[in-house]
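1. predicted model and sequence follow; I will ask about them next.
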Amino acid sequence: MKSFSDKIIWITGASSGIGKALAIELSNQNVKLILSSRKKEDLELVKKQCKDLRAVKIIPLDLEDYTNLQPKVAEAIAAFGKIDVLVNNGGISQRSFVKATAIAVDKRIMDINYLGTVALTKAVLPHFIKNKKGHFVVTTSIVGKIGTPLRSSYAASKHALHGFFDSLRAESYQDNIAVTLVCPGFVNTNISKNALTGDGTPQDKLDLATGNGIQPEYFAKLMVIAIKKKKEEVYIAGAKEKLGVYAKRFYPKLLSTMIRKLSVT
């Protein structure tokens with residue numbers, strides 16, 4: 001995909017952070033956008049920052065309500081006649097020890113990050129198969145490759161996405177359907193402020209590492225390049241996070257020792 005011109009791209013989690021930055025970046029490339037999240041008012045603000053307001057459709061949805069996403073897909077297809085790319089970017093993070101996390105919190109994270117994403121993907125898949133083309137883009141995480149303290153269920157949900165979409169990629173190749181897994185490291189967004197604690201309430205503070213992370217606007221530029229090239233998997237992160245991925249592959253015991261020494265504050 002050398003150019004996005006006239007492509008219809010649907011982005012979930014588009015009201016803030018990476019999704020917002022991606023929407024604005026793509027709007028400068030003559031695409032038609034469908035923007036979704038739970039927060040309609042925030043989506044309206046993102047739309048106002050896009051290049052062509054007529055080329056942006058807002059469809060509020062809640063990934064946690066994953067049994068009722070089919071009507072949203074029908075609405076999205078009707079908006080511009082088709083969907084070319086679905087960017088599964090919506091999700092929620094976590095900041096709590098395993099021993100202090102209620103099972104209801106584990107379930108909620110899996111419902112949103114994994115089942116919500118999978119349900120939406122399955123609802124769009126027949127449309128891609130019918131058109132004999134399509135592209136699923138998934139925002140996972142470096143912790144989708146490496147589990148770290150305070151993120152057990154978040155890491156589990158992101159690991160699960162890798163397993164699902166690797167399988168889907170293999171199954172859908174003959175239908176000309178691509179899958180790109182985008183693994184962010186620390187990005188300067190509100191993800192840590194909104195992260196769930198052990199009792200399900202938001203952490204409501206910005207982690208130091210997150211605050212010092214990649215700016216979302218720059219991240220979006222790199223993400224667009226990866227989508228255009230139809231990369232299978234890409235790590236958009238700092239040097240230490242990238243090193244962790246390769247250490248996990250070649251020196252797993254060393255990485256385990258390093259992770260145990262990480263700050264958990």
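-> That came through fine. Keep in mind the model is a prediction, meaning the values are calculated, not measured.
2. now do the SS call for residue 182.
-> Secondary structure for residue 182, judged by DSSP: H, G, I helix; E, B strand; the rest coil, is strand.
3. surely it is in contact with residue 141?
-> No - using CB atoms under 8 Å, residue 182 is not in contact with residue 141; the gap is 9.2 Å. The C-beta positions use only the backbone N, C-alpha and C, and glycine is treated the same way.
4. where does the stretch 1-150 of the chain have low pLDDT?
-> Scanning the stretch 1-150 of the chain for pLDDT under 70 picks out 1-2.
5. and the helices in it?
-> Secondary structure of the stretch 1-150 of the chain by DSSP state H, counting those that start in this stretch: the helices cover 17-27, 40-48, 70-80, 103-110, 117-131.
6. a markdown table for those, including mean neighbour count?
-> Below are the helices of the stretch 1-150 of the chain laid out as a markdown table (neighbours: other CB atoms under 10 Å):
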| stretch | mean neighbour count |
| --- | --- |
| helix 17-27 | 24 |
| helix 40-48 | 15 |
| helix 70-80 | 17 |
| helix 103-110 | 16 |
| helix 117-131 | 18 |
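7. of the ones you listed, which is nearest residue 226?
-> helix 17-27 (11.1 Å; CB to CB).
8. elements contacting that closest one?
-> Applying 3 or more CB pairs under 8 Å, 6 or more residues apart in numbering; DSSP states H and E, we find helix 17-27 packed against strand 8-12, strand 32-36, helix 40-48, helix 216-228.
9. quick check, distance from that helix to the centre of its chain.
-> What separates the centre of helix 17-27 from the centre of its chain is 12 Å, taken as CA atoms, centre = their mean, to the nearest Å.
10. before we move on, what about stretch 213-223?
-> 13 Å.
11. go on, stretch 124-140?
-> Computed by CA atoms, centre = their mean, the chain-centroid distance of stretch 124-140 equals 15 Å.
12. check stretch 87-97 too.
-> With CA atoms, centre = their mean, you get 8 Å for stretch 87-97.
13. and that stretch, end to end?
-> With CA to CA, to the nearest Å applied, stretch 87-97 spans 30 Å between its terminal residues.
14. now for residue 254, how many residues are close by?
-> Residue 254 has 11 neighbouring residues, counting by other CB atoms under 10 Å.
15. that one is in what secondary structure piece?
-> Residue 254 belongs to helix 252-260 when assigned by DSSP states H and E.
16. keeping just the C-alphas, turn that helix into PDB.
-> Only the C-alpha atoms of helix 252-260 are listed here, as PDB (Å, rounded to 0.1, in the frame of the first residue of the first chain):
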ATOM      1  CA  PRO A 252      15.500 -15.300  28.600                       C
ATOM      2  CA  LYS A 253      17.200 -16.000  32.000                       C
ATOM      3  CA  LEU A 254      19.200 -12.800  31.800                       C
ATOM      4  CA  LEU A 255      16.000 -10.800  31.000                       C
ATOM      5  CA  SER A 256      14.100 -12.400  33.900                       C
ATOM      6  CA  THR A 257      16.900 -11.200  36.300                       C
ATOM      7  CA  MET A 258      16.700  -7.700  34.800                       C
ATOM      8  CA  ILE A 259      12.900  -7.500  35.100                       C
ATOM      9  CA  ARG A 260      13.000  -8.500  38.800                       C
END
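17. quick one: average pLDDT of that helix?
-> The average pLDDT within helix 252-260 is 89.
18. ok, stretch 212-224 next?
-> Mean pLDDT, stretch 212-224: 96.
19. got the CA positions of that stretch in PDB?
-> Taking Å, rounded to 0.1, in the frame of the first residue of the first chain, the C-alpha atoms of stretch 212-224 are listed here in PDB:
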ATOM      1  CA  ASN A 212       9.200  10.500  29.300                       C
ATOM      2  CA  GLY A 213       8.000   8.300  26.400                       C
ATOM      3  CA  ILE A 214       7.700   8.900  22.700                       C
ATOM      4  CA  GLN A 215       5.400  11.700  21.700                       C
ATOM      5  CA  PRO A 216       2.200  10.300  20.200                       C
ATOM      6  CA  GLU A 217       2.500  12.500  17.100                       C
ATOM      7  CA  TYR A 218       5.900  11.100  16.200                       C
ATOM      8  CA  PHE A 219       4.700   7.600  17.100                       C
ATOM      9  CA  ALA A 220       1.800   8.000  14.700                       C
ATOM     10  CA  LYS A 221       4.200   8.900  11.800                       C
ATOM     11  CA  LEU A 222       6.200   5.700  12.400                       C
ATOM     12  CA  MET A 223       3.000   3.700  12.700                       C
ATOM     13  CA  VAL A 224       1.700   5.000   9.400                       C
END
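20. thanks again, I'm all set now.
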